[in-house]
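A.B. asks: Below are the sequence and a predicted model for it; my questions follow.
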2 protein chains.
Amino acid sequence: MNAGIKVFAPASVGNVAVGFDCLGFALDKPGDEIIARFSDKPGLRIVKITGAKGKLPYELEKNTAGFAALKLLEYLGEEKRGIELEVHKKMPCGSGLGSSAASAVAGAMAINELLGRPLEKKDLLRFAMYGEELASGGNHTDNVAPCLLGGLVLVRDNESLEAHRLPIPRGMFATVIYPKVEILTKDARNLLSKTVSLKKMVQQNANLGGLVIGLYHSDIALIGRALQDVVIEPQRAHLIPHFYEVKEAALNAGALGCSISGAGPSIFALSANSLIAENVGERMKQIYSDAGIDNTLFLSAINQAGAIKL
Amino acid sequence: MNAGIKVFAPASVGNVAVGFDCLGFALDKPGDEIIARFSDKPGLRIVKITGAKGKLPYELEKNTAGFAALKLLEYLGEEKRGIELEVHKKMPCGSGLGSSAASAVAGAMAINELLGRPLEKKDLLRFAMYGEELASGGNHTDNVAPCLLGGLVLVRDNESLEAHRLPIPRGMFATVIYPKVEILTKDARNLLSKTVSLKKMVQQNANLGGLVIGLYHSDIALIGRALQDVVIEPQRAHLIPHFYEVKEAALNAGALGCSISGAGPSIFALSANSLIAENVGERMKQIYSDAGIDNTLFLSAINQAGAIKL
């Protein structure tokens, strides 16, 4: 038995207010770790899971990390290789922070690293997607792409998985608060209206365009004006206790924008620098603490590395 | 009586496939000309209209150019100044080429130039909008902004008229064909479904984002992949004879993308250079000529100057 390799895949913020199902960014922390090592026993097995309070299955076909790993091994014709995985879940599930994406990315990444990188990193996206689909029941790359590649990523086309990393203004910092209430991604998705008014589509469209322009010009004020979700946030806000209070507090504290992270309940804010982001975090936390709602605060730059071998 | 000043305001292509009501670009030609001169008789008057086959009214409150001019004069407190306007309509009305926007922009521009530029050019947008609203019955800046400012322009917010000029890859060229069938903007708008499926909104959104990224990187292939309208074009295509044949011919001839210009019936294509654009134009024209449909072809770089004093 060998020591194997260890990979880390970060949490991520999907949607980012104006890019529902097509935009997301990675955080420096938290994230998942997976250890992969060769074994004398043929086939892939998950031998250890920590940090998930017994919630995650060991069966490969039901485990996001295992399924992504298995799909990659099948593609490589290595599915009979004896490989053991340890899944160390170091971030909350169902938090809106791309937990399933992190596991799926880490699963594919671990196999690729263990086998000596037969594929380029970007080509792991398709395999990580198998794991993500298992968890979210859909074909949504807005968490998987930034988790794997790092940065703030726009996925132009979910079929071809065409992903583009956007420029980030120097110093831009994220604040994320996770109030410990449970929202299942599938539920948060099912409550969404299947249609959007043409008028709101235009606003959302123009704001996404404005955000991209703002990023290319490091125009902090424009980024702030553009970070307005008129389509999804109004439909999901009621799922998250004190959402509008938290948002107002974040904006008052100087955040450029604030909205729901993925399907929630986590709330993210983007700020021009880490000092503002810390201040924003304190105000957000205060609201949940005053309300007696258990919560966790994350402060992070935009993670530019994505998933890495540790 | 003095000779006065003359201004030119160009035709423009609104929507640009993925930016319904928020994206447009200006053409070098055709366009409208307006002459403005001082007169001893107090108040603003339209004294001559050419090129509109008697279709345009002389009443200021009903004429897009006159109304924009009047609104600007009122703002400046100069509404009693004796001023004569000649409106020379040098482009077709109801063609989908921003004819009303060109008149409105020329009207505001002419007044501003005659009075020695009391306002900056960009500040004329609001006054040109009054004229455009008169014609189209709505608050849509996707033609007015590029017509005034030049370039390919994203209007992030129709209320604040926040407009952003996007970078254009060197040499990118437009082909526009106007088949002489009548479509009224109001009709083309009324037939649109008031709602869009969430799935199509995501695609349109991601494609607009992809287009902006492609423009910033001069990534011609990405621009081509992104220029796909999944929302508006399918609803309006039937209004335009042979639309899909013309589009297919344009793409086969090497165009990056091809869709409806504004509310139609004009069809635009964007190509990597003028040679391809000419070839695209020939193929488009052939289809209408074979079908016995009278048509006019325009070839133009993206007009970077917008409205100008001649």
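C.D. replies: Yep, it's here. Numbering: from 1, shown residues only, chains lettered A, B, ... in the order given.

A.B. asks: going forward, measure contacts and count neighbours with C-alpha atoms only.
C.D. replies: OK.

A.B. asks: Domain ranges for chain A, per the record?
C.D. replies: Following automatic domain parsing, one gets these domains for chain A: A:5-166+A:305-309, A:173-301.

A.B. asks: which ones are touching A:Pro265?
C.D. replies: With contacts defined as C-alpha atoms under 8 Å, 6 or more residues apart in numbering or on different chains, the neighbours of A:Pro265 are A:Ser95, A:Gly96, A:Tyr178, A:Pro179, A:Lys180, A:Val181, A:Glu182, A:Ile183, A:Leu239, A:Ile240.

A.B. asks: Go again with 7 Å.
C.D. replies: A:Ser95, A:Gly96, A:Tyr178, A:Pro179, A:Val181, A:Ile183, A:Ile240 (C-alpha atoms under 7 Å, 6 or more residues apart in numbering or on different chains).

A.B. asks: again, but for A:Ile302
C.D. replies: Listed by C-alpha under 7 Å, 6+ apart, the contact partners of A:Ile302 are A:Phe25, A:Ala26, A:Leu27, A:Asp28, A:Gly151, A:Phe173, A:Ala174.

A.B. asks: In which helix or strand does the first one reside?
C.D. replies: Think A:Phe25. Using DSSP states H and E, A:Phe25 falls within strand A:23-38.

A.B. asks: Tell me which other helices or strands that strand touches.
C.D. replies: For strand A:23-38, the packing partners by 3 or more C-alpha pairs under 7 Å, 6 or more residues apart in numbering or on different chains; DSSP states H and E come out as strand A:5-14, strand A:83-88, helix A:99-114, helix A:144-149, strand A:152-157, strand A:295-301.

A.B. asks: From A:Thr141, how far off is the closest residue to A:Arg126 other than its chain neighbours?
C.D. replies: Sequence neighbours aside, A:Leu161 is the residue nearest to A:Arg126 in space, at 7.3 Å (criterion: C-alpha to C-alpha, 6 or more residues apart in numbering or on different chains). Computed as C-alpha to C-alpha, to the nearest Å, the A:Leu161 to A:Thr141 distance reads 7 Å.

A.B. asks: list residues touching both of those two?
C.D. replies: Residues touching both A:Leu161 and A:Thr141 by C-alpha under 7 Å, 6+ apart: A:Val155.

A.B. asks: of those two, who's got more company?
C.D. replies: Shown here are A:Leu161 and A:Thr141; by other C-alpha atoms under 10 Å in any protein chain shown, A:Thr141 has more neighbours (31 against 19).

A.B. asks: and the more buried one, what does it touch?
C.D. replies: Contacts of A:Thr141 by C-alpha under 7 Å, 6+ apart are A:Asp21, A:Cys22, A:Val155, A:Asn158.

A.B. asks: Do I have it right that the third one meets A:Leu149?
C.D. replies: No - shown here, A:Val155 and A:Leu149 do not form a contact pair, counting by C-alpha atoms under 7 Å, at 11.6 Å.

A.B. asks: okay, these two: which has more neighbours?
C.D. replies: When A:Val155 and A:Leu149 are compared for neighbours, A:Val155 comes out ahead with 29 against 26, by other C-alpha under 10 Å.

A.B. asks: Quick check, pLDDT for the more buried one.
C.D. replies: On pLDDT, A:Val155 comes in at 96.

A.B. asks: ok, the residue of the stretch 201-310 of chain A found nearest chain B to B:Phe298 distance?
C.D. replies: Nearest residue of the stretch 201-310 of chain A to chain B, counting by C-alpha to the nearest C-alpha: A:Ala206, 4.7 Å away. For A:Ala206, the distance to B:Phe298 equals 28 Å [C-alpha to C-alpha].

A.B. asks: A:Glu79 too?
C.D. replies: 59 Å.

A.B. asks: circling back: filter the contacts of A:Thr141 by proximity to chain B?
C.D. replies: With C-alpha under 7 Å from any C-alpha of the partner chain as the criterion, the contacts of A:Thr141 include A:Asp21, A:Cys22, A:Val155 near chain B.

A.B. asks: which residues in the stretch 51-200 of chain A form helices?
C.D. replies: Here the stretch 51-200 of chain A has its helices, by DSSP state H, counting those that start in this stretch, at A:64-76, A:99-114, A:125-136, A:144-149, A:185-190, A:198-216.

A.B. asks: average pLDDT across the fifth one?
C.D. replies: pLDDT averaged over helix A:185-190 equals 78, rounded to a whole number.

A.B. asks: Just confirm yes or no for that helix near chain B.
C.D. replies: No - counting by C-alpha under 7 Å from any C-alpha, chain B is not contacted by helix A:185-190; separation bottoms out at 11.0 Å.

A.B. asks: tell me what that helix is packed against?
C.D. replies: If contacts are counted by 3+ C-alpha pairs under 7 Å, 6+ apart, helix A:185-190 sits against no helix or strand.

A.B. asks: got the residues of the stretch 201-310 of chain A near chain B?
C.D. replies: Within the stretch 201-310 of chain A, the positions near chain B by C-alpha under 7 Å from any C-alpha are A:Met201, A:Val202, A:Asn205, A:Ala206, A:Asn207, A:Leu208, A:Gly209, A:Gly210, A:Val212.
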